[in-house]
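Novice: coordinates only, sequence not included:
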């Protein structure tokens, strides 16, 4: 049943993708010559004016350019001309470091909040004030105090990643069934051992769900952050190619952002399924 459903879903996805490519191709194809004009004027105006070619590239143009990027993903011809692999590498490294710092802070603090009603009530006002603040609002303050654009971007990733993990960890720990905790107390299991052997396995699916939400937010935010700070990264690549009016490269970068985001999400989804067991 599950195999049949997956097969049918795959067929529907392929059909939808093919329909999308077909509509895209038809919407951007050339309509032919639009009129006679002098060679000098035609050269100045380009194919958009002389052949009715759409300013938006078609799927064949994007595919050809994407193949060029895939053939040489790590070339480096200077500050503003680096391969797509290098740009993605910088972005993934920043996200990974900021995300790791958020894990180190959020999960232990979430455990503390979930296990202690006193700490939960004491810290809750600070969380409710800081959580709604846009991560990018921290960027000017980070640039002013840290004075390093790359570290500032990592700090912004940390800020945006910490809240979903913190809240999900606290919720998961607080929601552990009291019967299990009472049994552990009856067996005189210490607090630290109880946290690792009873509470952590029970709260793991909720914690990993928070981590999954955080990685998605972090990958969203890094693109905007790199547009602001410049230098390197996929966000800067998008902005730089827009300034060069290379819409083809912008579309390719958007595609790569989506693929990498999907892969990061699926990795954590896999881990979540590994620690989820029916009661």
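Specialist: Great, that's in hand. In this text, all values refer to a predicted model and were calculated from it rather than measured experimentally.
Novice: how about the secondary structure of residue 276?
Specialist: coil (DSSP: H, G, I helix; E, B strand; the rest coil).
Novice: what's the neighbour count on it?
Specialist: When neighbours are counted by other C-beta atoms under 10 Å, residue 276 registers 12. Glycine gets a C-beta too; all of them are placed from N, C-alpha and C.
Novice: quick check: closest non-adjacent residue to it.
Specialist: Closest residue in space to residue 276, ignoring its immediate chain neighbours: residue 205 at 4.5 Å, by C-beta to C-beta, 6 or more residues apart in numbering.
Novice: cool, and residue 224?
Specialist: Nearest one to residue 224, counting by C-beta to C-beta, 6+ apart, is residue 136 at 5.9 Å.
Novice: neighbours around residue 96, how many?
Specialist: Residue 96: 15 neighbours (other C-beta under 10 Å).
Novice: could you do residue 125 as well?
Specialist: Neighbours of residue 125 under the rule other C-beta under 10 Å: 9.
Novice: check the gap between it and residue 131 for me.
Specialist: Distance of residue 125 to residue 131, computed by C-beta to C-beta, to the nearest Å: 11 Å.
Novice: pLDDT score for the residue nearest to residue 224?
Specialist: At residue 136, the model reports a pLDDT of 87.
Novice: quick one: contacts for it?
Specialist: By C-beta atoms under 8 Å, 6 or more residues apart in numbering, the contact set of residue 136 is 156, 221, 224, 225, 228.
Novice: measure the third one to residue 233 for me?
Specialist: The gap separating residue 224 from residue 233 is 11 Å, by C-beta to C-beta.
Novice: okay, those two: which has more neighbours?
Specialist: Neighbours of residue 224 and residue 233, each counted by other C-beta under 10 Å, are more numerous for residue 233; the result is 29 against 17.
Novice: quick one: secondary structure of the nearest residue to that one once chain neighbours are set aside?
Specialist: Closest residue in space to residue 233, ignoring its immediate chain neighbours: residue 226 at 3.6 Å, by C-beta to C-beta, 6+ apart. Of the three states, residue 226 takes helix under three-state DSSP.
Novice: surely residue 226 is in contact with residue 88?
Specialist: No: under the criterion of C-beta atoms under 8 Å, residue 226 lies out of contact with residue 88, with a separation of 11.2 Å.
Novice: residues shared between the contacts of those two?
Specialist: Contacts common to residue 226 and residue 88, judged by C-beta under 8 Å, 6+ apart, are residue 234.
Novice: so which of those two has more stuff around it?
Specialist: residue 226 (26 against 19).
Novice: for residue 139, what are its contacts?
Specialist: Neighbour list for residue 139: 152, 156, 225, 228, 229 [criterion: C-beta under 8 Å, 6+ apart].
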